[in-house]
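Enquirer: how would this look folded up:
(chains A and B)
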Amino acid sequence: MSRRSRAAVARSTAADRSLVVLSGLVLLAAGVLVVLLGMGIFGVYRAQRPLIDPDVTAWIAANANLTRWIAIVGGIVLLVVGLTWAIRSLRPEARPDVLLSETPGQRLTVEHSAIAEAVRNDAEAIDGVSRARVRLVGTERRPALRMTLWLVEDADVRDVWAEVDGRVLARARQAFAVDALPTAVRIELDAAATKTPRVL
Amino acid sequence: MRFVLRLLSPVLGLLVAAVGLITTIEVVTAWVAPASSPLVVPWPTWQAALLSSTWSSPVVRGVAIGVGVVGLLVLLVALVARRHDVRLTDPVPEVTVTTSPRSLARAVGHEVRSHADVVSASVVASSKKVVIKAGTLDAPDDVRAGVRERVDELLSRLPLARRPRVSVSVAATKGVK
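Expert: The predicted structure is shown next:
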């Protein structure tokens, strides 16, 4: 198993998860701190002070312009960070074309749909596979294959593998002229009944 | 839970962006054209409320507890949302093979139901454990042994990266054979 083939199993949610964990921690910490503050843990006198402290109000009155600039810059930073976060999270996963040659004037790429369709047809020709779905993930320079195979009942997983590696992936590797093509195969077992009826 | 995470993440991002946008708009309005302030949100009302309440007032505490609970839920969503793929052994180094717990349960379920004496079966599977509950009209103990044998045989046929523990329980179902 390689790192890249494992990364191709599914779209990574690492960024989303980290950001959501961070938001959760910030909210939780803020809630707990305010409750503790109100209970007088950080001083009984402090708990009796208003939320907008007179000291803060005085500082703002003394530095009105500086406060405005801080608020404007802070607001713009939040806007940019929030929009970037939302856009990155909503953007569909890339379907890279494959770059075969980069020589200037002879740049050659193969369209994503052409490759996916070819590999899918190869995979569906395997005995025991009823349906296949194939797409490329990653980048143009470092593509990886993600393949979902629906197996019929009684299909031998090992036989299917041998075919996938020996024929389908071998052809794909040959076509891309690469030694290794990171691939994530997702297998759906017993997805379709065999031709013979199970109920007698 | 991954679905909830994928939904929650952009929503939180948009909230952060909205807070930033509104802050900027209100500050600029209050500075450049104080007459038309507040423009979007009634912040002077909020300011008055914040000035008049102290850290120990019950409303503040209530809101803080609410924020803390929401934070905890958000944290839980993020921590629970992981993939539950069942790994199969890799045929070659650059290929990773997985299946879904549901698909494994379906395969085990077919195998169990193909036993002649089993009239009903339910299977829950994960990469660590397969739980089988079956019903039969015959002596449960005999059927249990038969079911276990079939499932063991199926699991040895599947090239799973780690063999899950199998728990089989068979109950007698009322009925006529």
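Enquirer: all contacts plus neighbour counts: C-alpha atoms, from now on.
Expert: Noted.
Enquirer: Please name every helix or strand in contact with the worst-scoring helix or strand of chain A on mean pLDDT.
Expert: Least confident helix or strand of chain A, by mean pLDDT, DSSP states H and E, is strand A:98-101 with a mean of 76. Using 3 or more CA pairs under 8 Å, 6 or more residues apart in numbering or on different chains; DSSP states H and E, the elements in contact with strand A:98-101 are strand A:108-110.
Enquirer: Quick check, pLDDT for B:Arg2.
Expert: pLDDT, B:Arg2: 81.
Enquirer: Let me see the contact set for the residue nearest to the spatial centre of chain B.
Expert: Nearest to the geometric centre of chain B sits B:Met1, at 3.1 Å (CA atoms, centre = their mean). B:Met1 sits next to B:77, B:80-82 when contact means CA atoms under 8 Å, 6 or more residues apart in numbering or on different chains.
Enquirer: Now flag whichever of these is closest to B:His115.
Expert: Nearest to B:His115 out of the contacts of B:Met1 is B:Arg82 (CA to CA; 34.7 Å).
Enquirer: Poorly predicted segments of the chain, please.
Expert: All of this is about chain A. A:1, A:192-200 (pLDDT under 70).
Enquirer: Chain B is the one I meant
Expert: Using pLDDT under 70, chain B drops low at B:177.
Enquirer: Domain-wise, how is it divided?
Expert: By the assignment in automatic domain parsing, chain B contains the domains B:2-80, B:97-172.
Enquirer: and of these, who's closest to A:Asp190?
Expert: A:Asp190 sits nearest to domain B:97-172 of all those, at 5.6 Å, using CA to CA.
Enquirer: So among the contacts of B:Met1, which ones count as buried?
Expert: Neighbour-count burial (16 or more other CA atoms under 10 Å in any protein chain shown) applied to the contacts of B:Met1 gives B:77, B:81.
Enquirer: Report the distance from the host helix or strand of B:Leu73 to the chain centre.
Expert: Secondary-structure assignment from DSSP states H and E places B:Leu73 in helix B:58-80. Chain-centre distance of helix B:58-80: 19 Å, with CA atoms, centre = their mean, to the nearest Å.
Enquirer: Residues contacting it, please?
Expert: A:17-18, A:20-32, A:34-35, A:38, B:1, B:4-5, B:53-55.
Enquirer: Okay, and which of those map to strands?
Expert: Among the contacts of helix B:58-80, none falls in strands (DSSP state E).
Enquirer: Among the residues you listed, which lie within helices?
Expert: Counting by DSSP state H, these place A:17-18, A:20-32, A:34-35, A:38, B:4-5 in helices.
Enquirer: follow-up on the earlier one: and the domains of chain B as a markdown table, adding distance to A:Ala118?
Expert: Below are the domains of chain B laid out as a markdown table (distance: least, CA to CA, whole Å):
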| stretch | distance to A:Ala118 |
| --- | --- |
| domain B:2-80 | 31 |
| domain B:97-172 | 20 |
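Enquirer: Pull out the buried members of the ones in helices among the contacts of helix B:58-80.
Expert: Buried among the ones in helices among the contacts of helix B:58-80 (16+ other CA under 10 Å): A:17, A:20-32, A:34-35, A:38, B:5.
Enquirer: Can you tell me the element B:His84 falls in?
Expert: With DSSP H and E as the criterion, B:His84 is inside neither a helix nor a strand.
Enquirer: from what I can see it touches B:Ser100, true?
Expert: Yes: counting by CA atoms under 8 Å, B:His84 touches B:Ser100, with 7.3 Å between them.
Enquirer: More neighbours: which of those two?
Expert: A count of neighbours by other CA atoms under 10 Å in any protein chain shown puts B:Ser100 above the other of B:His84 and B:Ser100, at 20 against 13.
Enquirer: The more buried one and A:Glu188 touch, don't they?
Expert: Yes: counting by CA under 8 Å, A:Glu188 is a contact partner of B:Ser100 at 7.0 Å.
Enquirer: sec struct for A:Leu136, please.
Expert: Counting by DSSP: H, G, I helix; E, B strand; the rest coil, the backbone at A:Leu136 sits in strand.
Enquirer: for the chain, what spans make up the helices?
Expert: Using chain A. Counting by DSSP H, the helices of chain A are A:3-7, A:14-38, A:44-47, A:54-62, A:64-90, A:112-124, A:157-163, A:170-176.
Enquirer: Oops, wrong one, chain B.
Expert: Under DSSP H, chain B gives helices at B:2-32, B:43-52, B:58-80, B:101-113, B:140-157.
Enquirer: Give me the residues contacting the fourth one.
Expert: By CA under 8 Å, 6+ apart, the residues outside helix B:101-113 that reach it are A:153, A:188-191, B:84-86, B:118-127, B:130, B:147, B:150-151, B:154.
Enquirer: of those residues, buried ones?
Expert: Here, 16+ other CA under 10 Å leaves A:153, A:188-191, B:85-86, B:118-121, B:123-127, B:130, B:147, B:150-151 buried among the contacts of helix B:101-113.
Enquirer: which residue of the chain sits farthest from its center?
Expert: Picking chain A for this. A:Tyr45 (49.0 Å).
Enquirer: Can you look at chain B instead?
Expert: Most distant from the centre of chain B: B:Ala35, at 50.3 Å, with distances by CA atoms, centre = their mean.
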